[in-house]
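A.B. asks: let's see this in three dimensions:
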Amino acid sequence: MGSLEKFLGKPKEVEIDGTNITLHPLKVNDIQLVANDNPSKEEMQKISKKILKLSIPDTTDEEIDNLPMDTFVKIMDEVNKLNGFTDERINKIKSAIRKE
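C.D. replies: Coordinates of the predicted model:
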């Protein structure tokens with residue numbers, strides 16, 4: 001066991017609309033997803049989808065595409081909390097999602 005292993009994020013079970021799902025924290029390798037300070041609307045959609053797929057590894061593009069927007073936003077809120085994302089970029093992504 002390496003000295004950083006104790007810091008590795010553990011999956012977290014959350015309830016969304018009466019259903020429990022397990023979310024996995026993002027890793028340092030995934031930082032490029034949130035590194036763009038000014039993503040376009042299309043980039044924000046792709047970023048959100050990639051983050052969701054990394055957080056719920058057994059999900060598919062079709063499942064994500066067919067989610068009601070309200071449920072998608074709730075899941076992304078939980079993903080953001082799990083990963084400690086609280087900056088303005090997250091608010092921009094959420095705002096763009098809600099406008100769709």
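A.B. asks: was I right to think Glu78 contacts Leu23?
C.D. replies: Yes. Using Cβ atoms under 8 Å, Glu78 is in contact with Leu23, at 6.1 Å. C-beta here means a position set from N, CA and C on the backbone, and glycine is covered the same way.
A.B. asks: of these two, who's got more company?
C.D. replies: The residue with more neighbours, out of Glu78 and Leu23, is Leu23; 22 against 16, by other Cβ atoms under 10 Å.
A.B. asks: for Ser48, see how far away the more buried one is.
C.D. replies: 14 Å (Cβ to Cβ, to the nearest Å).
A.B. asks: thinking again about what came up before, got any residues that touch both of Glu78 and Leu23?
C.D. replies: 12, 14 (Cβ atoms under 8 Å, 6 or more residues apart in numbering).
A.B. asks: what sits closest to Lys74 if chain neighbours are left out?
C.D. replies: Ile16 (5.2 Å; Cβ to Cβ, 6 or more residues apart in numbering).
A.B. asks: backbone dihedrals for that neighbour, please?
C.D. replies: phi -130, psi 120 (degrees, to the nearest 10).
A.B. asks: in contact with it, which residues?
C.D. replies: Going by Cβ under 8 Å, 6+ apart, the list of residues near Ile16 reads 71, 74-75, 78.
A.B. asks: let's have the residues you listed in CSV, adding pLDDT, distance to Ser3 and secondary structure.
C.D. replies: As requested, the contacts of Ile16 are exported to CSV (pLDDT from 0 to 100; distance: Cβ to Cβ, whole Å; DSSP: H, G, I helix; E, B strand; the rest coil):
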residue, pLDDT, distance to Ser3, secondary structure
Thr71, 94, 39, helix
Lys74, 92, 36, helix
Ile75, 93, 33, helix
Glu78, 92, 29, helix
